[in-house]
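# My questions are about this predicted structure, shown below with the sequence.
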Amino acid sequence: MSLKTECQARVARFQEQLQKKDLDGALFIYPIDVYYFAATRQNSTLWIPAQGEPILLVRKSFARAQQEACIADIRPFPRSKEFASLFEGQQNIGMTFDVVPVQQFNYYNKLLPGRNLVDISSLNRSLRAVKSSWELDRLRYAGQQLSQVFAMVPDFLRPGMREVDLAAEFESRLRKIGGEGYVRMRAYNQELFMGLAVSGASGNSAGFFDGAVTGRGMSEASPHGASAAEIAAGQPILLDYTGVFNGYIIDMTRMFVCGELSEKLLNAFAVSCQIQEAIVSRLKPGVICSELFALAAQMAEDAGLADYFMGTPGENARFVGHGVGLELDEMPVLAQGFDQPLIAGQTIAIEPKFAFPDLGPVGIENTFAVTETGGEKLTPIADDLVHIPV
């Protein structure tokens, strides 16, 4: 299937949903949403009518949008009066309120007086959560590429190096094989620089990031990820990285140690792998997402590790898996209260982790596709703890 055919299929599926919601069409201004339907990230507004052909209105770069976009009707962004004329007879218009700033909402509301602007955030995210075979192929490729870099870690990880040096070595290799680095996140106030390399108690630094492990970072302005702390023998070393290729994000975590880990950490790592295995066997259509989180939490409690599950006590994240795709925080989420059933083709990063205040974090993470027989692993490298000689 060509990219053009893929985009046409996406538009057709979306138009079916618009018709079911009695909407006349939808305006997309958020770059990655425009890319999903139009195959270009240029500064554009995309109009998808409930019936008929989409129109891409480009601010910059019009020339590149013409080269890239899978939309037949591409025009320069018009003046205000001309813009309004495109929507004669269109009353109920969808927009993604989850990412549209108030200023932009007011701007389009002014351009389209008398129209009813309706939130289609859930509709859009639900559509994008289910990946086509074309998308799954790109996620498999991203998983293969990122796994290559993880396999190189024993070549450069040494005790005494700083976390940031380990991160730099990893990120350099990832970039050299084509990693794009753009880790797009939809949630407000979340950001990430490629991934994180943390060790020991430094990895347990509290922070804004909505995950089990945050890291100290390099300053108060970037309080996430690797720091200047030195890696010592016997410390858990956690590398949690994304691989971004062709816009698609894969997410995985592996554990390393220079020498040997304590029995407490080894036990927690084993429980992480057991939780992952239990969830993956249940990644089938119809299984309820919140029930998978409950299963993981119960397994952590049964192992006597509930206080440390998905973060240090008081800093625990409230999920054990999250959707990935063109963004790191796609649907679905394996979390309490997310009572939606899984659908074949969804892709989810499963990341059971434990964080001990004085010892550091341990855990595992892989990205899987939901299938009729359980999760298909898209990050093809062994989950084993890797020992580095000292």
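Good, I have the coordinates.
# what's the offset of stretch 202-213 from the middle of its chain?
Using Cα atoms, centre = their mean, to the nearest Å, we find the averaged C-alpha position of stretch 202-213 to lie 17 Å away from the chain's own average C-alpha position.
# Give me the buried stretch members for it, please.
By 16 or more other Cβ atoms under 10 Å, the buried positions in stretch 202-213 come out as 202-205, 207, 209, 211-213. C-beta: built from backbone N, CA, C; applies to glycine.
# Now do that stretch: distance from first to last residue.
With Cα to Cα, to the nearest Å as the measure, the ends of stretch 202-213 fall 10 Å from one another.
# Equivalent analysis for stretch 234-250, please.
Taking Cα to Cα as the measure, stretch 234-250 stretches 29 Å from start to finish.
# So which bits of that stretch are buried?
Applying a neighbour-count criterion of 16+ other Cβ under 10 Å, the buried positions in stretch 234-250 are 235-245, 247-250.
# and what of stretch 356-367?
Taking 16+ other Cβ under 10 Å as the neighbour-count basis, stretch 356-367 is seen to contain the buried residues 356, 359-367.
# now, which of the buried residues of stretch 234-250 sits nearest Gln42?
If you rank the buried residues of stretch 234-250 by distance to Gln42 using Cβ to Cβ, Gly247 comes first, at 13.6 Å.
# so who does that closest one touch?
Contact analysis of Gly247 by Cβ atoms under 8 Å, 6 or more residues apart in numbering lists 32, 35, 138, 180, 182, 326.
# Got the confidence number for it?
pLDDT for Gly247: 97.
# which pair in the buried residues of stretch 234-250 spans the largest distance?
When the buried residues of stretch 234-250 are compared pair by pair using Cβ to Cβ, the two farthest from each other are Gln235 and Gly247, 35.1 Å apart.
# quick one: contacts for the closest residue in space to Lys353 that isn't next to it in sequence?
Here the nearest residue to Lys353 in space, its sequence neighbours aside, is Gly363; by Cβ to Cβ, 6 or more residues apart in numbering that works out to 2.8 Å. Applying Cβ under 8 Å, 6+ apart, we find Gly363 in contact with 212-213, 238, 253, 255, 268-269, 272, 351-354.
# list the contacts for Ala349?
Under the criterion of Cβ under 8 Å, 6+ apart, the neighbours of Ala349 are 251-252, 321-324, 365-368.
# what's the offset of the lengthiest helix in the chain from the middle of its chain?
Determined from DSSP state H, the single longest helix within the chain is helix 133-156. The chain centroid and the centroid of helix 133-156 are separated by 15 Å under Cα atoms, centre = their mean.
# Run the chain-centre distance for the helix or strand just after that helix.
The first helix or strand that comes after helix 133-156 along the chain, using DSSP states H and E, is helix 163-176. For helix 163-176, the separation from the chain centroid amounts to 20 Å (computed by Cα atoms, centre = their mean).
# just checking, what packs against helix 163-176?
Contacts of helix 163-176 with other secondary structure elements, assessed using 3 or more Cβ pairs under 8 Å, 6 or more residues apart in numbering; DSSP states H and E, are made with helix 133-156, strand 195-199, strand 237-245.
# what is the rounded mean pLDDT of it?
Averaged across helix 163-176, pLDDT comes to 98.
# again, but for stretch 258-270
Model confidence over stretch 258-270 averages 98 on the pLDDT scale.
# With just CA atoms, put it into PDB.
Listed next in PDB are the C-alpha coordinates belonging to stretch 258-270 (Å, rounded to 0.1, in the frame of the first residue of the first chain):
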ATOM      1  CA  CYS A 258      28.300  -3.000  36.300                       C
ATOM      2  CA  GLY A 259      29.000  -6.100  38.300                       C
ATOM      3  CA  GLU A 260      26.000  -7.600  40.200                       C
ATOM      4  CA  LEU A 261      22.700  -6.300  41.500                       C
ATOM      5  CA  SER A 262      21.400  -6.900  45.100                       C
ATOM      6  CA  GLU A 263      18.900  -9.700  45.600                       C
ATOM      7  CA  LYS A 264      16.200  -7.200  46.300                       C
ATOM      8  CA  LEU A 265      16.600  -5.500  43.000                       C
ATOM      9  CA  LEU A 266      17.000  -8.900  41.200                       C
ATOM     10  CA  ASN A 267      13.700 -10.000  42.700                       C
ATOM     11  CA  ALA A 268      11.900  -6.800  41.700                       C
ATOM     12  CA  PHE A 269      13.200  -7.100  38.100                       C
ATOM     13  CA  ALA A 270      11.900 -10.700  38.000                       C
END
